[in-house]
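# Fold the following.
(one chain, ligands or ions: 1)
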Amino acid sequence: MAGGPIASGPGLGANAGKNKFSGILMVSFAAFAGILFGYDTGTIAGITAMKDWLRLFGEPSTDLVNHPTGYAITSSQQSLVTSILSAGTFFGALAGASIADRVGRRGGVFIATAVFSAGVALQTGCHQWAAFVVGRVLAGLGVGLISTLIPMYQSECAPKWIRGAVVSGYQWAITIGLLLASVINNATKDRDDHSAWRIPTGIQLIWAFILTVGMLWLPESPRFLIKQGRDADAAKALSRLTALDPSDPEVEVELNDIRANLREEQELGESSYADCFKASHNKIALRTLSGIFIQAWQQLTGINFIFYYGTSFFTHAGIKNPFLTQVATGVVNVFMTIPGMWGIERFGRRPLLIWGAVVMCICEYLVAIIGVTISVQNSSGQKALVALVCIYIAAFACTWGPIAWVVIGEIYPLNVRAKAMSLAAASNWLWNFGIGYATPYLVNTGPGNAGLEVKVFFIWGSTCACCVIFSYFCIPETKGLSLEQIDLLYQNSTPITSTRYRRELIANDVHTSDVHGAPGKSLHVDEKDEADKV
Ligand code: BGC
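Numbering: from 1, shown residues only. Below is the predicted model of the structure:
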């Protein structure tokens, strides 16, 4: 691929998009899938604590201190039912690659919702433990598929000037799903029959139905269609997304750029997973590893410590109403994702990642320091802890929460995009599982546990410091570039110099044909003044 796949073009609807909102609305709708993701991961902890669920799947217990409902499941059952979802999501995310490349990005979403619905139906209707566990695996496969397919679909279909905000909408839906799960669980938890857990479980069929029906109206990704050689369909899809006629010159230019890009990539033959780690002129290995690690570091910020173990952590810290605190953290997560959606297009990916990690790092060290120095009776100390945790979540919600998904949707070239994205999404689930599994052992006291308690925040603070270093050295600024221009950015700059090079790309409006076909149109730093305004 001499010269690299550097078609740029104006990006989908670059000029037309600003006044034609129908395409943006369509691609934004796909974000609804985040509800399935957030709700499913958020609901299980509450369900497995419900009396009727424990009565059906567990055994009577006389230890009313640890099992106030009078029923309990064994630790291995608890760990199986919680972690089995991660097994499903991990393999689902990986399977997303071949489904996306064979059936399509949009087509794959239908498979995801079908598998997810089968899993939910099984969990809702079953009376046997084994069936419930199989239902969790299937639902997990569906969620994992979604986590690869949706950011890919949105990144490939959204106009470049608003791509970051649109993909952030998916994260926003995840946060809403998490909040809905805690609110609905709380509303049904005191029912004394199967409806206590069947309502919050079964309600997920409604989310899957809405997503399926909505996706029926959306076009397939034009980039996928071009890859399949279905050029006429690609023109139609692009015309729906840009609200322009299929024969409009702007649509033509965009399709030509995607085609040119793909042709160059295809000269190298069908790409394999090994190709994702190849040392190449367009730094594929760096890009694949950056995606895998940005998702790992997102989990290592410690965010799910709050969402999975927040209730018991706040109780041990002496906070009087841990449930309300948990709802408060969920609300902060939802509302603070909104400024993130704006900020990602205003300030860019790099500064938000770096400053978000700095704020999280400071908050987490402060929580650790205050936590080890004050007594649990100190009510102002408690309030300070809750406030710091809320600031920490706010910082996550408007930076690392959405941006990790935005970055993995946009940093790969088309020939390895599905595979590299599936590796990055699978990394998220692997770390999600690992941290969820290890946390009780790290935090709890007693034999076999590290007994860190609030000191665990020293670990999260340190991992956030690593997030700052990682973002600085590994994540380039990609705001406002087309997916093909991002390839050019990787070829000709480093993450540290990317901010300036990006401005030059935009100011010079670089296309593949400009760089290869018309040598006169190269990048001139003397045009920097204009670029600085971008
Ligand atoms: C993460 C999830 C997390 C959620 C919180 C997502 O981006 O991948 O693990 O629970 O954000 O909002």
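# For Val376, which non-adjacent residue is spatially closest?
Gly318 (3.0 Å; Cβ to Cβ, 6 or more residues apart in numbering). (C-beta placed from N, C-alpha, C; glycine too.)
# Let's check: the centremost residue of the protein is which one?
In the chain, the residue lying closest to the centroid (Cα atoms, centre = their mean) is Trp405, at 4.0 Å.
# Please, which helix or strand holds it?
helix 400-410 (DSSP states H and E).
# Now do whatever helix or strand comes next after that helix against helix 400-410, angle only.
Remark: after helix 400-410, the chain's next helix or strand is helix 414-443, criterion DSSP H and E. Using axes from the mean of the first three to the mean of the last three Cα atoms, to 10 degrees, one finds that helix 414-443 and helix 400-410 are set 150 degrees apart in direction.
# Show me what helix 414-443 packs onto, helices and strands only.
Packing contacts for helix 414-443, counted by 3 or more Cβ pairs under 8 Å, 6 or more residues apart in numbering; DSSP states H and E, involve helix 75-102, helix 129-157, helix 249-266, helix 284-300, helix 303-316, helix 400-410, helix 456-474.
# Kindly compare burial across those and name the winner.
helix 400-410 (a mean of 28; mean count of other Cβ atoms under 10 Å).
# re earlier: contacts only, for the residue nearest to the centre of the chain.
151, 167-168, 170-171 (Cβ atoms under 8 Å, 6 or more residues apart in numbering).
# where are the low-confidence patches of the stretch 201-350 of the chain?
Counting by pLDDT under 70, the stretch 201-350 of the chain contains low-confidence ranges at 268-270, 317, 322-323.
# The ligand contacts on that one?
Residues of the stretch 201-350 of the chain that fall close to the ligand, judged by Cβ under 6 Å from any ligand atom: 298, 303-304, 307, 333.
# Tell me if I'm right that Tyr308 and Pro440 touch.
No: under the criterion of Cβ atoms under 8 Å, Tyr308 makes no contact with Pro440, lying 9.5 Å away.
# before we move on, back to that, separation between the residue nearest to the centre of the chain and the ligand?
6 Å (Cβ to the nearest ligand atom, to the nearest Å).
# again, but for Leu289
Distance from Leu289 to the ligand, by Cβ to the nearest ligand atom: 18 Å.
# Next to the ligand, which bits of the protein? Give me the list.
171, 174-175, 178, 298, 303-304, 307, 333, 401, 428, 432.
# Closest one of these to Gln485?
The nearest member of these to Gln485, counting by Cβ to Cβ, is Gln171 at 23.5 Å.
# What is the burial count for that closest one?
27 (other Cβ atoms under 10 Å).
# three-state assignment of it?
Secondary structure state of Gln171, per DSSP: H, G, I helix; E, B strand; the rest coil, is helix.
# Nearest residue to it in space, please, no chain neighbours.
Pro402 (3.8 Å).
# Compute the inter-axis angle for the helix holding Trp405 and helix 456-474.
30 degrees.
# Helix 303-316 and helix 400-410, what's the angle between them?
160 degrees.
# Can you show me the CA trace of helix 400-410 as PDB?
Presented in PDB, the C-alpha positions along helix 400-410 are these (Å, rounded to 0.1, in the frame of the first residue of the first chain):
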ATOM      1  CA  TRP A 400     -12.700   8.800  29.400                       C
ATOM      2  CA  GLY A 401     -16.200   7.300  29.300                       C
ATOM      3  CA  PRO A 402     -17.200   8.500  25.800                       C
ATOM      4  CA  ILE A 403     -13.700   9.100  24.300                       C
ATOM      5  CA  ALA A 404     -12.500   5.600  24.700                       C
ATOM      6  CA  TRP A 405     -15.300   4.500  22.400                       C
ATOM      7  CA  VAL A 406     -14.900   7.400  20.000                       C
ATOM      8  CA  VAL A 407     -11.200   6.700  19.600                       C
ATOM      9  CA  ILE A 408     -11.600   3.000  18.800                       C
ATOM     10  CA  GLY A 409     -14.200   3.900  16.200                       C
ATOM     11  CA  GLU A 410     -12.000   6.200  14.300                       C
END
